[in-house]
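Chemist: my questions concern the predicted model and sequence given below.
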Amino acid sequence: MTGQVKEEVLTRFAELGIRVRDGQLSIRPALLRAREFGAQVNSFRYLDFDKKWLSMDVPESSLAFTWCQVPIIYRLDDSNAARLDVELDDGSCASYPELTLPAKLSSELFARNGRVRKITATFDRTMLFAGNY
């Protein structure tokens, strides 16, 4: 990658609100705008830990990307409190009432060992840049 491409990738992750502090992943999407979230269901294709291409449906009012090879879905929902839902490799799910992943799961994510399979961050549009734009 050229220096400019790397800079743009880093800038986009900053816009998406990905932060690491004290060994914990946190999500603060304050630079995103509501118009970046899909108005309809879309398909998202990504390369998983086993080097297989997979697809998943991304609901309306959502956007998807990968970070550390894990699909992350941002979902706008003005009727619920912010939370993280995490799917693990054993099929279990865990929910956290804030947009911060605990240090143990964050380290699993950073290690790219396949333990964390998907993260869904749900929050309302007041967390976005200018609220509704």
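Modeler: Right, received. Where do you want to start? Residues are numbered from 1 along each chain as shown.
Chemist: what's the burial count for the nearest residue in space to Ala130 that is not next to it in sequence?
Modeler: Sequence neighbours aside, Arg33 is the residue nearest to Ala130 in space, at 6.8 Å (criterion: Cβ to Cβ, 6 or more residues apart in numbering). Placement of C-beta: from N, CA and C, glycine included. Counted with other Cβ atoms under 10 Å, residues neighbouring Arg33 total 15.
Chemist: report the central residue of the chain.
Modeler: By Cα atoms, centre = their mean, the chain has its centre lying nearest to Ile72, at 3.0 Å.
Chemist: now do the contacts for that one.
Modeler: 64-66, 118-121 (Cβ atoms under 8 Å, 6 or more residues apart in numbering).
Chemist: narrow those to those in helices?
Modeler: Per DSSP state H, helices hold no members of the contacts of Ile72.
Chemist: go through those and say which is closest to Lys104.
Modeler: Ile119 (14.4 Å; Cβ to Cβ).
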